[in-house]
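Novice: I need the structure of the sequence given here:
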Amino acid sequence: MTTTAILSGVMLVIFFTVMILVGYGARKEATDVNGFVLGGRSVGPWLTAFAFGTSYFSAVIFVGYAGQFGWNFGMSATWAGLGNAFIGSLLAWNILGRRTRVMTQHLDAKTMPDFFGKRFQSTSLKVAASVIVFIFLIPYTASLYNGLSSLFGMAFDIPYWVIIIVMAVLTGVYVIVGGYMATAINDFIQGVIMLFGIAAVIYSVIQDNGGLVESMKSLSAISGDAGWNGAYSSFFGPDPLALLFVVILTSLGTWGLPQMVGKFYAIKSEHDIHKGTVISTIFAIVVAGGCYFLGGFGRLYADKIAVNPETGKPLFDTIVPTMLSTLPAAVIAVVIVLVLSASMSTLSSLVLTSSSTFTLDVINPLSKKKITEKKQVSIMRIFIVFFIAVSAIIAIVKDAYPTVTFIAQMMGVSWGALAGAFLAPFLYGLYWKGITKVSTIVCFIWGCAIAIFQMIITLAGIDVTGWGTILSYIFKSSINSGVVAMVGGLILVPVVSLFTKKQEEKELDEIFSCYNKHVDTTASEYLE
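Specialist: From the prediction side, this is the model:
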């Protein structure tokens, strides 16, 4: 057994033991629905901020996106990480955080579909939102296993399906036992690992290439696909417009993802929101900025990276593992735990969101008999098992049958579909009395239709170059169409709301009364 395998094995045993112990210790907080789903709405700023960050950045970011965007844009891919920090974290906390916490508590909404149902007084709207979550969150969950195979292959000689099952089972155990609180505490631990891990990896890769200055010199000498030397070390890279679309999708998209926004439901107080904003932003700068910065050096390893024999293009999921393969055993062991931490934290958040949404927003309202709190928690635990099992099966099938492209494309469009459908109605619903139920339905249809249309184009191999400059650019990738879905929703919702029936004034006054409540505070919080 190699030194890398021994070190990795020891660290993984310690890591898994801590995760299980945390789940067992948090079991007392998961006895009712409020405790199981939201941790009793009493989660502090550090746990909430780290839960937000670790749900945001998974192995997809570290292995897939860092490799792909680093290869395409070079050092300018770091802008995506900074966008994630300042738009996806800082602005999200400032614009959504407090109002989400106040209104969802006032409405007693525990999930995003539940918010839509109570904000617009519509059970059908809640069920529709739940169906969208169900359809598009499962493939997104399955994508979290991407990249684990090549990383674990550097240390262990074990089948990929074993890695998937171990990760799925252990994540399921602590989520089922401890609910949201166990997830939040483990997210904090996993977040600390990610912070130190990414710093260690960046330092090691740069030193492996002769230091920062030498690494940049080598990168500036590469012409690659751009056709001119220095493209991959320049400020905005070889394709600034494409980079802008990446920044918008991966940053603004968090505002409409149920597993991300749900973190604001559970935070304890106003003061904690201020702290959480700072912590979350710093976390994103280090982790997201670090991941994309690291990926920017991918072309220095062009002669070692595996390529697709049919297209001749690099296999993006192998870029970062290739960069790490020459590093010391201790660093590789840290990376394995880092990526596993990132994947398990996001997986736990997604399956908790999926199970709670399906139980509270589909089964509960459609049930003829009232379901007790205890039984609702039991149903959620059953669905956690179901969602984890389905995501694991999809990941195993995808690995065993690479030609099953439908799964891969579903993963690519799920982020755009969820954000395109939910971002605009959720944002306007928090701030504006004028938004209507009809405009929300239109946005749901708009976001999902764009995503599904994009998937059909990609699967069928339709050539969009003859569709005109604008349309061909929009539908040449799920990134571009996802941005159009989100931005289009922000325009559609207010326009449709102007011409459709408003809610009763009495209903709106009651819903927004939570913002008018008088509270005592200090001069440090409020100045006359």
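
Novice: what mean pLDDT does stretch 473-485 get?
Specialist: Mean pLDDT, stretch 473-485: 89.

Novice: for it, which positions count as buried?
Specialist: In terms of neighbour count (16 or more other CB atoms under 10 Å), stretch 473-485 has its buried residues at 473-485. Every residue, glycine included, has its C-beta placed from N, CA and C.

Novice: and for stretch 427-447?
Specialist: By neighbour count with 16+ other CB under 10 Å, stretch 427-447 contains the buried residues 427-430, 435-444, 446-447.

Novice: how many other residues sit next to the residue nearest to residue 158 when sequence neighbours are not counted?
Specialist: Spatially, and ignoring its direct neighbours in sequence, residue 158 is nearest to residue 152 (7.1 Å; CB to CB, 6 or more residues apart in numbering). A count of nearby residues for residue 152, using other CB atoms under 10 Å, gives 23.

Novice: just checking, residue 152 touches residue 161?
Specialist: No: Residue 152 is beyond contact range of residue 161, at 11.5 Å (criterion: CB atoms under 8 Å).

Novice: what about the residue lying closest to residue 30 once chain neighbours are set aside, helix or strand, and which?
Specialist: In space, and not counting its chain neighbours, residue 30 is closest to residue 179: 3.4 Å by CB to CB, 6+ apart. Assigned by DSSP states H and E, residue 179 belongs to helix 160-208.

Novice: distance of residue 433 relative to residue 505?
Specialist: As defined by CB to CB, to the nearest Å, residue 433 lies at a distance of 8 Å from residue 505.

Novice: ditto for residue 430
Specialist: 18 Å.

Novice: got the phi/psi numbers for the spatially most central residue of the chain?
Specialist: Nearest to the mean C-alpha position of the chain, by CA atoms, centre = their mean, lies residue 56 at 3.8 Å. Phi and psi for residue 56, reported as degrees, to the nearest 10, are phi -70, psi -50.

Novice: residue contacts, it?
Specialist: Residue 56 sits next to 84, 88, 89, 254, 260, 284, 288, 346 when contact means CB atoms under 8 Å, 6 or more residues apart in numbering.

Novice: then residue 39?
Specialist: Contacts of residue 39 by CB under 8 Å, 6+ apart are 29, 179, 180, 181, 184, 266.

Novice: was I right about residue 266 contacting residue 38?
Specialist: Yes: counting by CB under 8 Å, residue 38 is a contact partner of residue 266 at 4.3 Å.

Novice: intersection of neighbour lists for those two?
Specialist: residue 180.

Novice: and residue 65, that one's in a helix?
Specialist: Yes: with DSSP: H, G, I helix; E, B strand; the rest coil as the criterion, residue 65 is located in a helix.

Novice: farthest-separated two in the buried residues of stretch 427-447?
Specialist: 430 and 446 (19.5 Å; CB to CB).

Novice: of all the contacts of residue 39, which comes closest to residue 320?
Specialist: When the contacts of residue 39 are ranked by distance to residue 320 (CB to CB), residue 184 comes first, at 27.7 Å.

Novice: quick check: closest non-adjacent residue to the closest one.
Specialist: That would be residue 47: by CB to CB, 6+ apart, it lies 4.3 Å from residue 184.

Novice: show me what contacts the one you found?
Specialist: Listed by CB under 8 Å, 6+ apart, the contact set of residue 47 reads 184, 185, 187, 188.

Novice: from those residues, pick the one nearest residue 336.
Specialist: Taking the contacts of residue 47 together and measuring to residue 336 by CB to CB, the closest member is residue 187, at 18.5 Å.

Novice: how close does that closest one sit to residue 52?
Specialist: 9 Å.

Novice: right, and residue 108 touches residue 117 too?
Specialist: No: Residue 108 lies out of contact with residue 117 (CB under 8 Å); the separation is 11.1 Å.

Novice: more neighbours: those two, which one.
Specialist: Using other CB under 10 Å as the criterion, residue 108 and residue 117 rank with residue 117 on top: 24 against 9.

Novice: please name the nearest non-neighbouring residue to that one.
Specialist: Closest to residue 117 by CB to CB, 6+ apart is residue 126, at 2.8 Å.

Novice: pLDDT at the one you found, what is it?
Specialist: Residue 126 carries a pLDDT score of 91 in this model.

Novice: quick one: which helix or strand includes it?
Specialist: helix 123-142.

Novice: show me what that helix is packed up against.
Specialist: helix 112-119, helix 258-266, helix 329-358, helix 364-366, helix 373-400, helix 405-431, helix 437-460 (3 or more CB pairs under 8 Å, 6 or more residues apart in numbering; DSSP states H and E).

Novice: and the contacts of the second one?
Specialist: When you say that, I think you mean helix 258-266. For helix 258-266, the surrounding residues in contact (CB under 8 Å, 6+ apart) are 38-39, 41-43, 48, 51-52, 55-56, 92-93, 96-97, 100-101, 104-105, 109-113, 133, 137, 180, 184, 254-255, 273, 346, 349-350, 352-353, 357, 418, 422, 426.

Novice: just how off-centre is stretch 275-294 within its chain?
Specialist: 14 Å (CA atoms, centre = their mean, to the nearest Å).

Novice: please shift the residue numbers so they start at 47 in all later answers.
Specialist: Happy to do that; since the first residue is 47 now, the last one works out to stretch 321-340.

Novice: mind listing what's buried in that stretch?
Specialist: 321-323, 325-340.

Novice: and what of stretch 251-263?
Specialist: Within stretch 251-263, the residues scored as buried using 16+ other CB under 10 Å are 251, 252, 254, 255, 261, 262.

Novice: can you give me every residue that contacts the last one?
Specialist: With contacts taken as CB under 8 Å, 6+ apart, residue 262 has the following neighbours: 121, 279.

Novice: at 7 Å what do you get?
Specialist: residue 279 (CB atoms under 7 Å, 6 or more residues apart in numbering).

Novice: quick check: it is in a strand.
Specialist: No: assignment of residue 262 by three-state DSSP gives helix, placing it outside any strand.

Novice: do you know how far it is from residue 121?
Specialist: In this structure, residue 262 and residue 121 are 8 Å apart, going by CB to CB.

Novice: give me the common contacts of those two.
Specialist: residue 279.

Novice: got any ranges where the stretch 347-496 of the chain has weak pLDDT?
Specialist: For the stretch 347-496 of the chain, the stretches with pLDDT under 70 are 448-458.

Novice: and the residue nearest to residue 163, how many neighbours does it have?
Specialist: 26.

Novice: pretty sure it sits against residue 161.
Specialist: No: using CB atoms under 7 Å, residue 172 is not in contact with residue 161, being 8.5 Å away.

Novice: before we move on, the earlier item: how far is the helix holding residue 172 from where the chain is centred?
Specialist: Chain-centre distance of helix 169-188: 15 Å, with CA atoms, centre = their mean.

Novice: next: stretch 515-523.
Specialist: On CA atoms, centre = their mean, the centre of stretch 515-523 falls 25 Å from the chain's centre.

Novice: CA atoms only for it, dumped as CSV, please.
Specialist: The C-alpha trace of stretch 515-523 is given here as CSV (Å, rounded to 0.1, in the frame of the first residue of the first chain):
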residue,chain,number,x,y,z
THR,A,515,-26.5,36.1,-34.0
ILE,A,516,-28.5,36.4,-30.8
LEU,A,517,-30.4,33.1,-30.8
SER,A,518,-27.3,31.1,-31.8
TYR,A,519,-25.3,32.7,-29.0
ILE,A,520,-28.0,32.1,-26.4
PHE,A,521,-28.5,28.4,-27.2
LYS,A,522,-24.9,27.4,-27.9
SER,A,523,-24.5,26.4,-24.2
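
Novice: what residues does that stretch touch?
Specialist: Taking CB under 7 Å, 6+ apart as the rule, stretch 515-523 contacts 500, 503, 510, 511, 526, 527, 530.
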